[in-house]
Structures are given as C-alpha cells and as structure tokens.
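Asker: Sequence unavailable; structure follows:
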C-alpha cells in the first residue's frame, strides 16, 4: 500500500518487482518454522535470479529494511550485486565516551523513546504472537486500532494521521490485514526474527540511506 504513489513514476525508468512479505497481505502464510529475515532475503534473491535479473537494486523500510540489509550481506557479491537503499540504517551503538554529533544525539534519544514508549507491540509479537493474533483476526475494530495507532505515532502528522493521509488510505492499510486475515501470520515474523540470530553482519557494498527529520529511529 505504501508504494502505490511511487509505482508509476518509477516505472518510467525501472522494471519493478514488489514482493509481499510471507504472512502479510495476500502472500502465503508460512506453515513451518524458519521464515525469518534471512530466509526471506534468500527467497527474494531467488525470485530475482529466476526472473533473470543478475543485477538489481533493492529498497526497504521497517521489515523491508532488515530484508534489504540481509540481501546486501548475503548476496551482494561481485558480478551479482546490487545497491541497497534503506530508511532505517543501523550502525554499531556508540559509547558514552565518544564525541557525538547533534544528529547522533538525536538518534540516541529517538532510540531510547522507542524502547521506553513505542516498542510494546514488537515485544508482544516477538514472544506471544498467537495470543495477539486471535484478537486481530476476530475483531475489525481491534485490527483497525492496532494499525491506526502506528500511523498516529509514526507519521509526521502533528497529532492526527488524517493531517497527512486520507481516511481511505488509512482504511486501505487496515483492510489489507483484515481481508487477508493476516493479523496472526504477520506477527509471526517478529517471533521468527528477534532474539534467534547472531550479530548482524556489516554491509560492505555501495548503499543509499535516507534519514527523515521526524524519523523515530535514525
């Protein structure tokens, strides 16, 4: 849904492949364990190669940022490389004795705010996704509240998401979860990916990064 407004402009210069994460939207719902970020990245690379794209660019935000990063670290090798672009770059945690720039200080404050006030959904979905899933699949009001609260918190909207998005755009996002009954299956990605892997590998290929002024995690 977030890509609808940029598809047409991008089509003028690029071939577009816009996959949907397993368990989200109208994508299939995984029936076995293991569909974490790394496995999804491997699947995306397989898709691109089977479509005969030996070189490609990838872009992602939120879970897409994690998948795009995994693509870069696992498949960004010579002769079959691409440049990832992300709006959620993660770098090693700075230490308190380092001299911090103003941007780095803001980034640390934003990260702390997220941990203190904004990450409850993630903790729930990474530990008890099925418990939450029953409510989201059973109640359209529950599903709407779960999604719309994030648009309130994560958009630069001056306190109300309808200041920047239409009601139809907001409801379209809710309906994508509701019609596909993916409230539980989408939460599973948190359970599969958090706390079940090692340290993320460094991205060493050319990359593009966007850091928006009101982004919580910079």
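Answerer: Sure thing, it's come through. Here the structure is a predicted model, which means the values were calculated and not measured.
Asker: any idea how far the nearest residue to residue 214 once chain neighbours are set aside is from residue 164?
Answerer: Of all residues not flanking residue 214 in the chain, residue 156 sits nearest, at 4.1 Å (CB to CB, 6 or more residues apart in numbering). Where you see a C-beta, it was placed from the backbone N, CA and C, and this is true even at glycine. Counting by CB to CB, to the nearest Å, the separation of residue 156 from residue 164 is 7 Å.
Asker: Check residue 127 too.
Answerer: 32 Å.
Asker: cool, residue 135 as well?
Answerer: Distance from residue 135 to residue 164, by CB to CB: 28 Å.
Asker: tell me the strands in the protein, going along the chain?
Answerer: Secondary structure of the chain (DSSP state E): strands located at 58-60, 84-86, 208-209.
Asker: looking at those, which has the lowest confidence?
Answerer: Looking over the strands of the chain, mean pLDDT reaches its minimum on strand 84-86, with a mean of 65.
Asker: Any idea how many residues pack against the closest residue to residue 134 other than its chain neighbours?
Answerer: Leaving aside its sequence neighbours, residue 134 sits nearest to residue 184 (CB to CB, 6+ apart; 7.1 Å). For residue 184, the count of nearby residues is 19 (other CB atoms under 10 Å).
Asker: what residue ranges in this structure score low on pLDDT?
Answerer: 77-87, 92-97, 195-199 (pLDDT under 70).
Asker: Surely the residue nearest to residue 134 is in contact with residue 129?
Answerer: Yes. Counting by CB atoms under 8 Å, residue 184 does reach residue 129; the two are 6.5 Å apart.
Asker: Would you map the helices across this structure?
Answerer: Secondary structure of the chain (DSSP state H): helices at 4-11, 37-50, 63-75, 102-113, 120-127, 129-138, 140-154, 167-179, 183-193.
Asker: Surely residue 188 is in contact with residue 33?
Answerer: No. Checked against CB under 8 Å, the pair residue 188 and residue 33 is beyond contact range at 9.1 Å.
Asker: and the two? which has more neighbours close in?
Answerer: A side-by-side neighbour count of residue 188 and residue 33, using other CB under 10 Å, places residue 188 first with 22 against 10.
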